[in-house]
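1. Give the three-dimensional model of this entry:
(one chain, ligands or ions: 1)
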Amino acid sequence: MTDSWWKKSVVYQIYPRSFADADGDGMGDLRGIIDHLDHLAELGVDVLWLSPIYSSPQDDNGYDISDYQGIEPLFGTLETFDELLAGAHARGMKIVMDLVVNHSSDEHQWFLESRSAKDHPKRDWYWWRPARPGMEPGAPGAEPTNWGSVFGGPAWEFDEKTGEYYLHLFSRKQPDLNWENPEVRQAVYAMMRWWLDRGVDGFRMDVINMISKVIGADGSLPDGRLSVGSAYADGSAGFIGGPRLHEFLQEMHREVFAGRDGLLTVGEMPGVTVEEARLHTDPARHEVDMVFQFDHVWVDRGPDPWLLVPLQLTALKAILGRWQAGLADLGWNSLYWNNHDQPRVVSRYGDDSPAHRAASAKMLGTVLHLHRGTPYVYQGEELGMTNYPFGTITEFRDIEALGQYRQAVDLEGRSPEEVLTVLRARGRDNARTPMQWDDSPHGGFTTGTPWLPVNPNHVEINAAAQRADPDSVFHWYRKLIELRKTEPAVVEGDFTMLLPHDERLYAFTRRLGKTELLVIGNFSGKAARAEIDDATAWADAELLLNNLSSPPENLMLAPWQAVVYRRA
Ligand code: TEU
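-> Numbers count the residues shown, from 1 in each chain. Alright, predicted model coming up:
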């Protein structure tokens, strides 16, 4: 494969709404991103992935798109976008757009037309179905299937006008597009080509493994399994990795990407297996360059969604080790701890108390970036930003938190406190509080009132302070990114997991030719010794990175310590 530049690259995700506000309306914008391009260039990242900036009613903060070729006025204009693209390119950074085409907004022209009449030519662009046989349309329980939506409530919305239901796996303002219809696919491909022609460098494809649904001979969709205590069923067997997914991705590749170089494609795929990911990322199959899998961010989630399960390090290592092994000879891994849907990793898998926050943030970054794959940094992760101290449900803005809370408390009889405990730890708004630029009142994010409050800890944790401090999390991430450029073993080396049963230490080697790297991270607040073969020899090897002031003695790591040794 000639064009796999992204193996050597680090991607930085921007959530535009929360990155930087240049016009003082409390909402981040494109001008704000332009103003901070130097921060990103200094960090050394190669690619910027922008969460959606298209025209959108903002029901799900832009993941509900009403015009795929327009810029949301809150964020700016196409002219400002072109300026951003040029500014990034001038600094050697590429821009990858979010592609949200499993669903559109219900305010998209396509849906307005589809909804208008049963015989409208665009009717079949979405999933319209009649009520369950023998049931009164619109009556409770008459939905075409028993599926729950990801954001709480049923996955079907009854539409009075035509007496049918439409499918929405997410909010009712996000109707699912019908990929069975070739016109839908061609419209999406044309839109993608339009952005590539404009100069963008690829796409992150939102829930792209949900575009093919399992359809019965009579056109019906299959009921899902209903678990005790939940109001709606998990329908995922009917839409995750559906029968035509590979075909659709290959068609998209032919129609959009073939003959174009220098692009990056990454498919977000909740529930994808290693075996499926091998097929999706096998270069010979022409689907996508890499996928986002979810196993390692679901490791602290039990069968009961409203119970916090503490991290078991051995389980995390088993998962990531399986992905490393599974994509070793074929395909490629993406590596991430954080994005706009996940709580802050330092609060989740690290220790965000003042004593250990910086060390544990550096340790987590080290372990992730030294795996084989392309690392993704989510805005603020390079500062070790933490979860927000949320109090009551009224402080949350995320449609998922609000919808799931309503279903759990109102329909399923959960106590508000048990639900809130989980939302405080896991809620998506933790990732969405504004970027902390400096110690001024709203953290330098806005001169107005931020749409979501800035974490009060911005007084200590902010970009200005960290850029000035060579020992900061920011400079640690800068070094990690730099190491990828200077040490080929980081990019290409084989991965071998060590100490799979150790509950404190995450240890592995990377080997390329005669070069070998040993990476050890202490995921605990207690000192721990790495009992590996060859420990004495390693203890004398070159110490490339160490996040604490003293080196380990005989591989005895202090709490949250991370080290990288090299020998050749
Ligand atoms: O997320 C897909 C997804 O599966 C999410 O439901 C995620 O697992 C969950 O929210 C974690 O709590 C994508 C986008 O990243 C997300 O922001 C959107 O809300 C969603 O699709 C719908 O477009």
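
2. can we go C-alpha only for contacts and neighbour counts from here?
-> OK.

3. Now do the contacts for the residue in the stretch 1-150 of the chain positioned nearest to the ligand.
-> As assessed by Cα to the nearest ligand atom, the ligand sits closest to residue 63 within the stretch 1-150 of the chain, at 4.6 Å. Residues counted as contacts of residue 63 (Cα atoms under 8 Å, 6 or more residues apart in numbering) are 52, 56, 100, 104.

4. isn't the third one right up against residue 206?
-> Yes: using Cα atoms under 8 Å, residue 100 and residue 206 qualify as a contacting pair, with a distance of 5.0 Å.

5. any chance you could map the strands in the stretch 1-150 of the chain?
-> Under the criterion DSSP state E, counting those that start in this stretch, strands of the stretch 1-150 of the chain are mapped to 11-14, 47-50, 54-55, 67-71, 94-99, 128-129.

6. cool, the stretch 301-450 of the chain as well?
-> Ranges of strands in the stretch 301-450 of the chain, per DSSP E, counting those that start in this stretch, are 334-335, 374-378.

7. The stretch 151-300 of the chain now?
-> Using DSSP E, counting those that start in this stretch, strands in the stretch 151-300 of the chain cover 156-159, 164-167, 202-205, 264-268, 290-292.

8. How far does the last one sit from its chain's centre?
-> Taking the mean C-alpha point of strand 290-292 and that of its whole chain, the gap between them comes to 10 Å (Cα atoms, centre = their mean, to the nearest Å).

9. what's the model's confidence in that strand, averaged?
-> For strand 290-292, the mean pLDDT works out to 98.

10. Is that strand positioned near the ligand?
-> No: on the criterion Cα under 6 Å from any ligand atom, strand 290-292 is out of touch with the ligand, staying 10.2 Å away.

11. Repeat that for the third one.
-> No: with Cα under 6 Å from any ligand atom as the measure, strand 202-205 is seen stopping short of the ligand, the closest distance being 8.9 Å.

12. Show me what that strand packs onto, helices and strands only.
-> In this structure, strand 202-205 makes packing contacts with strand 94-99, strand 264-268, judged by 3 or more Cα pairs under 8 Å, 6 or more residues apart in numbering; DSSP states H and E.

13. now do the shortest one
-> Contacts defined by 3+ Cα pairs under 8 Å, 6+ apart place strand 290-292 against strand 264-268, helix 274-281, strand 334-335.

14. mind checking the end-to-end distance for stretch 268-280?
-> Taking Cα to Cα, to the nearest Å, the first and last residues of stretch 268-280 lie 11 Å apart.

15. Okay, buried residues for stretch 537-551 please.
-> Across stretch 537-551, burial judged by 16 or more other Cα atoms under 10 Å covers 538-539, 541, 543, 545-548, 551.

16. Quick one: name the residues of the chain near the ligand.
-> Listed as neighbours of the ligand in the chain under the rule Cα under 6 Å from any ligand atom: 60, 63, 150, 170, 206-207, 270, 341.

17. Just the buried ones among these, please.
-> Neighbour-count burial (16+ other Cα under 10 Å) applied to the residues of the chain next to the ligand gives 60, 63, 150, 170, 206-207, 270.

18. Out of these, flag the one nearest to residue 455.
-> Distance to residue 455 across these (Cα to Cα) is lowest for residue 60, with 21.5 Å.

19. where's residue 397 relative to residue 172, distance?
-> Residue 397 is 17 Å from residue 172, where distance means Cα to Cα.

20. Can you pull up the most central residue in the protein?
-> With distances taken as Cα atoms, centre = their mean, the residue of the chain nearest its centroid is residue 339 (4.1 Å).

21. Run a quick neighbour tally on the nearest residue to that residue once chain neighbours are set aside.
-> In this structure, residue 339 finds its nearest non-sequential neighbour in residue 378, 5.3 Å apart by Cα to Cα, 6 or more residues apart in numbering. As a burial measure, residue 378 scores 22 neighbours (other Cα atoms under 10 Å).

22. ok, now which ones touch residue 378?
-> Contact analysis of residue 378 by Cα under 8 Å, 6+ apart lists 12-14, 338-340.

23. can you redo those residues as a markdown table with pLDDT?
-> Below are those laid out as a markdown table (pLDDT from 0 to 100):
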| residue | pLDDT |
| --- | --- |
| 12 | 99 |
| 13 | 99 |
| 14 | 99 |
| 338 | 98 |
| 339 | 99 |
| 340 | 98 |
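
24. Weed out the non-buried ones from these.
-> 12-14, 338-340.

25. Backbone torsions only: list them for the spatially closest residue to residue 499 that is not a sequence neighbour.
-> Of all residues not flanking residue 499 in the chain, residue 507 sits nearest, at 6.4 Å (Cα to Cα, 6+ apart). For residue 507, the backbone dihedrals (degrees, to the nearest 10) come out as phi -130, psi 140.

26. in the sheet, who's paired with residue 507?
-> Residues in a beta bridge with residue 507, per DSSP bridges, are residue 498, residue 520.

27. in the stretch 451-568 of the chain, which spans are strands?
-> So, for the stretch 451-568 of the chain - with DSSP E, counting those that start in this stretch - the strands run 494-498, 505-512, 515-522, 528-529, 542-546, 556-557, 562-567.

28. What pLDDT is listed against residue 490?
-> If you check residue 490, the pLDDT there is 98.

29. ranges for the helices of the stretch 301-450 of the chain?
-> 313-326, 345-348, 357-369, 399-406, 416-426, 429-432 (DSSP state H, counting those that start in this stretch).

30. Need the winner for burial among those helices.
-> Highest mean neighbour count among these (mean count of other Cα atoms under 10 Å): helix 429-432, with a mean of 27.
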